[in-house]
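Undergrad: Sequence isn't available, so here's the structure alone:
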């Protein structure tokens with residue numbers, strides 16, 4: 001009985017590990033998407049600041 005139960009437990013553990021890996025990959029993908037969106041927003045904001053500074057400097061010069 002005990003020997004018969006071991007492969008099942010091993011199979012369950014392997015299946016569970018596969019599921020966990022998939023979930024981790026999905027979470028990482030979501031984090032990467034959020035991070036890339038934040039980076040894009042930050043770049044756009046920096047461009048706006050740069051352009052406003054450039055226009056102000058243009059007025060002074």
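TA: Here it is on my side, so go on. Note that the structure is a prediction, hence the values are computed from the model and not measured.
Undergrad: Run through the helices of the chain in chain order.
TA: In the chain, the helices defined using DSSP state H lie at 2-60.
Undergrad: Give the residue spans of it that score low on pLDDT.
TA: 1-7, 59-61 (pLDDT under 70).
Undergrad: burial of residue 34, as a residue count?
TA: Look at residue 34: counted by other Cβ atoms under 10 Å, it has 10 neighbours. From N, CA and C alone the C-beta is placed, and that goes for glycine too.
Undergrad: That one and residue 41, how far apart?
TA: Distance, residue 34 to residue 41, using Cβ to Cβ, to the nearest Å: 11 Å.
Undergrad: can you check residue 13 too?
TA: On the measure of Cβ to Cβ, residue 13 and residue 41 end up 42 Å apart.
Undergrad: give me the number of residues near residue 8?
TA: 9.
Undergrad: how deep is residue 41 tucked in, by neighbour count?
TA: 10.
Undergrad: With residue 42 instead?
TA: Quick note: residue 42 (other Cβ under 10 Å) scores 10 neighbours.
Undergrad: gap between it and residue 35?
TA: Distance from residue 42 to residue 35, by Cβ to Cβ: 10 Å.
Undergrad: Also residue 12?
TA: From residue 12 to residue 35 the distance is 34 Å (Cβ to Cβ).
Undergrad: before we move on, what about residue 41?
TA: Following Cβ to Cβ, the distance that separates residue 41 from residue 35 is 11 Å.
Undergrad: same deal with residue 58?
TA: Taking Cβ to Cβ, one finds residue 58 at 34 Å from residue 35.
Undergrad: Next: residue 49.
TA: Counting by Cβ to Cβ, the gap from residue 49 to residue 35 is 21 Å.
Undergrad: swap in residue 8?
TA: 40 Å.
Undergrad: got it, and residue 24?
TA: On the measure of Cβ to Cβ, residue 24 and residue 35 end up 16 Å apart.
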